[in-house]
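[1] Sequence first, then the predicted structure:
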Amino acid sequence: MEYEYENGGCLRSVFRSFVCVTLSLLLALHVYAYFWGPAREPLDGDFSDIRYVVTQLTRGLTEVNHKHERLKGEMERLSSALPAVAAAAERAKDALQPSARRTGQQALDVHDYDRQVADYALESAGGRVLSTGDTAEHVIYESPVGWALHVFTALVCRECLGARAMIRPGTLPGECWAFKGSHGEATIRLLGTVQITGFSVEHIPAHISPTREISSAPRLIQIEGLEFRSDPYPHDFGSFEYDKEGKPIQYFEVQHPSTKGYNIVRVRVLTNWGHPVYTCVYRVRVHGDLVTGQAPRATTASDDADLRIENE
């Protein structure tokens with residue numbers, strides 16, 4: 001931009017120099033004609049010509065000045081618009097980045113997240129909760145009758161959630177896996193063998209929580225990959241902190257990638273955001289690439305016992 005301003009100033013200087021030189025030559029010529037010329041009459045006509053030329057040159061200079069001012073105004077307008085254009089270009093660049101390779105917390109559209117990133121732990125696609133270890137499920141009504149009803153429904157009604165809530169799509173207030181305290185774990189079998197690249201954790205935002213706070217949200221989460229259910233040497237993918245002030249769905253890229261594929265993962269919740277009684281896990285997603293040639297194993301009737309959650 002500055003270069004064009006310099007060109008405009010240089011052009012004006014050259015034009016003014018040309019006008020001055022021309023006027024000087026014409027004045028010298030007419031002075032010569034006045035003192036040494038043959039007659040006085042042609043001199044008046046020559047001065048008329050000079051006035052005409054000077055008038056035309058003055059109009060041309062005025063027009064150049066007007067064009068220069070207009071050009072300067074356009075350049076200032078473009079300069080003021082450049083920050084907005086740069087910001088729009090940055091937003092477009094961010095939107096075009098591959099969603100599954102983003103680091104840190106996800107910036108995808110939370111309302112259509114499952115259409116943008118594959119979830120290999122999703123129950124409707126074949127994922128299953130195998131075990132919750134020693135984790136004690138939180139039950140609101142802990143009277144003997146309430147506890148008996150809970151145990152009964154857990155045995156006869158496989159649709160009565162528990163830890164399975166965190167691999168299902170519903171994430172309305174209360175549609176979560178609630179367990180006592182701030183420590184808990186769940187072992188999940190994926191729909192196939194997956195080379196895992198990242199995880200997503202979801203919790204409801206504070207503004208739709210009945211208590212207007214989400215201290216029961218998990219805070220520090222550890223993810224492990226297992227070759228079989230009781231694998232004593234699991235692969236540690238890393239520990240991740242869910243930010244309760246961030247977006248409801250947050251994506252984490254694995255800290256310790258593995259070239260090996262896993263079909264079982266263990267999710268360990270190590271701390272929550274301060275709730276003294278229980279922790280709620282609304283949704284956990286597992287992302288990566290299905291290992292080529294490894295088809296998902298079909299669930300049969302003989303698998304039912306293995307698929308039951310151990311602490312129910």
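    Looks like it arrived, so ask away. Numbering: from 1, shown residues only.
[2] so where do the strands sit in the protein?
    128-131, 177-180, 184-202, 218-226, 235-241, 249-253, 262-272, 278-281, 283-290 (DSSP state E).
[3] Just the mean pLDDT for the third one, thanks.
    Averaged over strand 184-202, pLDDT sits at 94.
[4] Please apply the same query to the first one.
    This predicted structure assigns strand 128-131 an average pLDDT of 92.
[5] So which elements touch that strand?
    Packed against strand 128-131 by the contact rule (3 or more Cβ pairs under 8 Å, 6 or more residues apart in numbering; DSSP states H and E) you find strand 184-202, helix 304-307. The C-beta positions use only the backbone N, C-alpha and C, and glycine is treated the same way.
[6] in its sheet, what does that strand sit against?
    When sheet partners are counted by DSSP bridges, strand 128-131 sits next to strand 184-202 (antiparallel).
[7] The last one now?
    Under the criterion DSSP bridges, strand 283-290 sits next to strand 184-202 (antiparallel) in its sheet.
[8] again with the fifth one
    According to DSSP bridges, strand 235-241 forms sheet pairs with strand 218-226 (antiparallel).
[9] Would you tell me which of the strands of the chain gets closest to residue 74?
    For these, proximity to residue 74 was assessed by Cβ to Cβ; strand 249-253 is nearest, at 44.1 Å.
[10] Using the record's assignment, carve this structure into domains.
    2-96, 101-307 (automatic domain parsing).
[11] Tell me which of the ones you listed sits most buried.
    Counting by mean count of other Cβ atoms under 10 Å, domain 101-307 has the highest mean neighbour count of the domains of the chain, with a mean of 17.
[12] can you give me the offset of that one from its chain's centre?
    Offset of domain 101-307 from its chain centre (Cα atoms, centre = their mean, to the nearest Å): 23 Å.
[13] who are the neighbours in contact with residue 234?
    224-226, 266 (Cβ atoms under 8 Å, 6 or more residues apart in numbering).
[14] For residue 194, list each beta-bridge partner.
    What pairs with residue 194, by the bridge criterion (DSSP bridges), is residue 262, residue 290.
[15] scratch that, residue 189
    residue 128, residue 264.
[16] For it, list the residues it contacts.
    By Cβ under 8 Å, 6+ apart, the neighbours of residue 189 are 127-130, 263-264, 307.
[17] Now do residue 176 against residue 286, distance only.
    18 Å (Cβ to Cβ, to the nearest Å).
[18] Sorry, slip of the keys, the one I care about is residue 126.
    In terms of Cβ to Cβ, residue 126 sits 12 Å off from residue 286.
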